[in-house]
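In: Take this sequence and fold it.
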Amino acid sequence: MILRSDHGNQYFNDLIQHNVWYTPTLRVVALEIEPSFTFLEIRMRCRWIAAAFIGLLLSATAQSQTTALPAHSFFHVQLGNSASAQPISGRLLLFAVEAKAAEAEEKTESDGKSSVVDEVDANPFSATQTSVAAREVSRWTPGQINDIDADQLAFPAGYSQLQPGDYYVQAVLDVDHTYNYAGRGAGDLVSEVVKLHLPIASIPTLTLSKALPARDPWTLSASTPAAIRALLPEAHQHANLVEFVSPSLSAFWGRPITMRGWVLTPPGYDAKAGKRYPTVYYTQGFGGNNDRVSGPLATVYAAMSKGEMPPMIWVFLDESSPTGTHEFADSINNGPWGQALTTELIPQLESQYRMDAKSSGRFLNGHSSGGWATLWLQTRYPKIFGGTWSTSPDPSDFHDFTGIDLYAPHANAYRKPDGLAYPLVRDHDKVLGTFEQFAKLERVLGTYGGQLGSFEWVFSPRGKDGLPLPMFNRDTGDIDPAVVAYWRDHYDIAFRLQHNWPQLKPDLDGKIHLFVGTADTFYLDGAAHRLQAVLDGLHAKSSFTFLPNRTHFDLYVQGKDRQGLFKQISWQMYAVARPDSTLKASLQPVQ
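Out: Residues are numbered from 1 along each chain as shown. Here you go, the predicted model:
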């Protein structure tokens, strides 16, 4: 086991670290010697056992007849033979939620039909509801028990600090370290949900009993309208998988790197005909990937089939990576993703499909992190694209990074100058979570793939250890001004526009279209206002639409149509590509 702690009884933690447990009868058991241990490591372990044994002899008269428990809360987790037949590694996560609250939530979500809790998971929209503990494990063999100190690395606090009561507990092994980005998925190992009364008088055991199956990427959500569901098979026939090995990215990483996506052709598309189509490059938001795009793809195809969207080719780009979203930005950490897209993948696609293959017929659309990516691509490569329609983009002006001014003297990501916490997640006027809570939950869930870590993999300079330098201290929230200066000079879109507008104007003026709600869930409307002010100050032509009282998740709703804005955007693009076309749609005004 590898458990380190800066808290509690160091003597006992050292015993735990070397898997030495004691009983009232003074037996010392379960010393594990890995094949890779050096002689020095083995000798050190023996010294610890000897020290533990002597300590126990000296304190034997004080031992009670019940097993002494550590100040920290520990759990045994066994790798069941049914979950894995081979040794396995990953991040072991332990989730606990107060039983009554979980049952009430299940009952609400099932409309009163059931209160059975069959999964315990973290929820960023209720950050402190679920307690999470974590540790790394390696070469875990079936049948072996590993122990997790639920106080060593935990959020929102160690399990020993939980209020006494009934809890549902579940263990999960994140085998590919993607939990921070996509949650639990195919191949992850899970235990059954167990109801426990905590604190408990003995160390409980959970068993990882099954591996989660792969999800069919062409399965639509239960809320998908029947009309879209009916056209899914036809949409699937018009969707072509993109798997392109990028020379520039492969050279950067020293191994083959594949760019992925889907190309969706419109109804009536004929590869042998002379007709060409405008093309939309659609980038997904944080958490999206090639296996999670069937919904938008089916929505677009159904809308084109019914004449609610014009006939265009859509390229659904996968911007996920092991480090989060690479944003199609050239980065010293992630590699030249923007270069790869614009000089390699797009020319390859235009040689295969009946695309316009010119600036006036290439458009960009994306939401959230995908919105930032499209805004970045348009401003970085203005000659290549004919316009971006970016919705609820991540911060485009770092004076307002979800409400935090990164450039302020002595800036702190957790606390305002008056000491109040910076909120990060809201439901209109109700704060659901703070920046600090989000950051510390992300740290427990894993080192890679989280939203805040993802920003650093794109924006930060590389440290001496080969990893991106953190923009802020995860313990204190203190912001590093040197790192922020690098962010500003390379990725602050407003800063870049303000300092390079004379050169950018001929190819960029009039091509920026941005939509965001005034009640955006992640406070992204603030940065959009600042970007608009910069462009207005430059007398640039741009379009900014702030939708009153709309959040991050209902931005596209117009009347009863949940995709109304999405459809309207498509017609705005088409009008640029085909200004003389008689093909029009009657659309409701943006509300």
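In: following whatever helix or strand residue 515 lives in, which helix or strand comes up?
Out: Counting by DSSP states H and E, the element that carries residue 515 is strand 512-517. Next helix or strand after strand 512-517 toward the C-terminus (DSSP H and E): helix 525-537.
In: ok, residue 458 touching residue 335?
Out: No - Residue 458 is beyond contact range of residue 335, at 10.6 Å (criterion: C-beta atoms under 8 Å). For glycine as for every other residue, the C-beta is placed from the backbone atoms N, C-alpha and C.
In: Name the residues contacting each of those two.
Out: residue 326 (C-beta atoms under 8 Å, 6 or more residues apart in numbering).
In: mind checking how far the residue lying closest to residue 448 once chain neighbours are set aside is from residue 331?
Out: With sequence-adjacent residues excluded and distances taken as C-beta to C-beta, 6 or more residues apart in numbering, residue 448 is closest to residue 177, at 5.3 Å. Distance, residue 177 to residue 331, using C-beta to C-beta, to the nearest Å: 19 Å.
In: Between the two, which has more neighbouring residues?
Out: Between residue 177 and residue 331, residue 331 has the larger neighbour count (other C-beta atoms under 10 Å), namely 22 against 17.
In: Quick check on that one: phi, psi?
Out: phi -140, psi 140 (degrees, to the nearest 10).
In: how many other residues sit next to residue 187?
Out: So residue 187, with other C-beta under 10 Å, has 17 neighbours.
In: and the closest residue to it other than its chain neighbours, what is it in contact with?
Out: Excluding the flanking residues, the one nearest residue 187 by C-beta to C-beta, 6+ apart is residue 175, at 5.2 Å. Residues counted as contacts of residue 175 (C-beta under 8 Å, 6+ apart) are 88, 89, 90, 187, 188, 189.
In: Would you show me how to pick out the buried ones of those residues in ChimeraX?
Out: Remark: buried members of those, expressed as a ChimeraX selection using 16 or more other C-beta atoms under 10 Å:
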select :88,90,187,188,189
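In: Just send the contacts of residue 175 back as JSON lines, with pLDDT, distance to residue 109 and secondary structure too.
Out: As requested, those are exported to JSON lines (pLDDT from 0 to 100; distance: C-beta to C-beta, whole Å; DSSP: H, G, I helix; E, B strand; the rest coil):
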{"residue": "88", "pLDDT": "96", "distance to residue 109": "32", "secondary structure": "strand"}
{"residue": "89", "pLDDT": "97", "distance to residue 109": "34", "secondary structure": "strand"}
{"residue": "90", "pLDDT": "97", "distance to residue 109": "29", "secondary structure": "strand"}
{"residue": "187", "pLDDT": "96", "distance to residue 109": "26", "secondary structure": "coil"}
{"residue": "188", "pLDDT": "97", "distance to residue 109": "22", "secondary structure": "coil"}
{"residue": "189", "pLDDT": "97", "distance to residue 109": "25", "secondary structure": "strand"}
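In: Nearest to residue 144 among the contacts of residue 175?
Out: For the contacts of residue 175, the residue nearest residue 144 by C-beta to C-beta is residue 88; the value is 10.2 Å.
In: Hmm, the closest one is touching residue 173, no?
Out: Yes - using C-beta under 8 Å, residue 88 makes contact with residue 173 at a distance of 7.0 Å.
In: Overlap in contacts, these two.
Out: Counting by C-beta under 8 Å, 6+ apart, the residues touching both residue 88 and residue 173 are 79, 140, 189.
In: Now flag whichever of those residues is closest to residue 246.
Out: Distances from residue 246 to those, taken by C-beta to C-beta, are shortest for residue 189, at 32.7 Å.
In: State the distance from that closest one to residue 85.
Out: With C-beta to C-beta as the criterion, residue 189 and residue 85 are 12 Å apart.
In: Repeat that for residue 384.
Out: 50 Å.
In: Likewise for residue 105?
Out: For residue 105 relative to residue 85 (C-beta to C-beta), the value is 36 Å.
In: Between these two, which is the more surrounded one?
Out: A count of neighbours by other C-beta under 10 Å puts residue 105 above the other of residue 105 and residue 85, at 16 against 8.
In: For the host helix or strand of the more buried one, give me every contacting residue.
Out: Using DSSP H and E, residue 105 sits within helix 99-109. Helix 99-109 has contacts (C-beta under 8 Å, 6+ apart) with 113, 114, 115, 116, 117, 120, 129, 165, 166, 167, 168, 195.
In: Apply 10 Å and report the result again.
Out: Helix 99-109 has contacts (C-beta atoms under 10 Å, 6 or more residues apart in numbering) with 96-98, 113-120, 123, 126, 129-130, 165-169, 193, 195-197.
In: Distance from the chain centre to it, please.
Out: 26 Å (C-alpha atoms, centre = their mean, to the nearest Å).
In: Mind exporting the C-alpha coordinates of it to PDB?
Out: Written as PDB, here are the backbone C-alpha positions of helix 99-109 (Å, rounded to 0.1, in the frame of the first residue of the first chain):
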ATOM      1  CA  ALA A  99     -29.000   7.900   3.500                       C
ATOM      2  CA  LYS A 100     -32.200  10.000   4.100                       C
ATOM      3  CA  ALA A 101     -31.100  12.700   1.600                       C
ATOM      4  CA  ALA A 102     -30.200  10.100  -1.100                       C
ATOM      5  CA  GLU A 103     -33.500   8.200  -0.600                       C
ATOM      6  CA  ALA A 104     -35.500  11.500  -0.800                       C
ATOM      7  CA  GLU A 105     -33.700  12.400  -4.000                       C
ATOM      8  CA  GLU A 106     -34.300   9.100  -5.600                       C
ATOM      9  CA  LYS A 107     -38.000   9.300  -4.700                       C
ATOM     10  CA  THR A 108     -38.200  12.700  -6.300                       C
ATOM     11  CA  GLU A 109     -36.500  11.700  -9.500                       C
END
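In: Same question for that helix: list its buried residues.
Out: 99, 102, 103, 105, 106.
In: hmm, back to that, now that we have the shared contacts of residue 88 and residue 173, can you turn them into a markdown table and tack on distance to residue 315?
Out: Listed next are these as a markdown table, based on distance: C-beta to C-beta, whole Å:
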| residue | distance to residue 315 |
| --- | --- |
| 79 | 42 |
| 140 | 41 |
| 189 | 35 |
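In: Nearest to residue 571 among these?
Out: The closest of the shared contacts of residue 88 and residue 173, once distances to residue 571 are taken by C-beta to C-beta, is residue 189, at 47.5 Å.
In: got the contact list for the closest one?
Out: Applying C-beta under 10 Å, 6+ apart, the residues near residue 189 are 77, 79-80, 82-84, 88, 90, 92, 140, 171-175, 207-212.
In: can you map out the helices along the stretch 151-300 of the chain?
Out: Taking DSSP state H, counting those that start in this stretch, the helices of the stretch 151-300 of the chain run over residues 179-182, 226-230, 232-237, 247-253, 294-305.
In: By mean pLDDT, show me the worst of those helices.
Out: For those, mean pLDDT drops lowest on helix 226-230, to a mean of 91.
In: Quick one: neighbours of residue 433, just the number.
Out: Applying other C-beta under 10 Å, I find that residue 433 has 20 neighbouring residues.
In: returning to what we had before: give me the more crowded residue out of residue 458 and residue 335.
Out: residue 458 (29 against 21).
In: Mind pulling up the pLDDT for the closest residue to residue 162 other than its chain neighbours?
Out: Distance criterion C-beta to C-beta, 6+ apart; nearest residue to residue 162, sequence neighbours excluded, is residue 198 at 5.5 Å. On the pLDDT scale, residue 198 is placed at 95.
In: Measure how buried residue 198 is and give me the count.
Out: 19.
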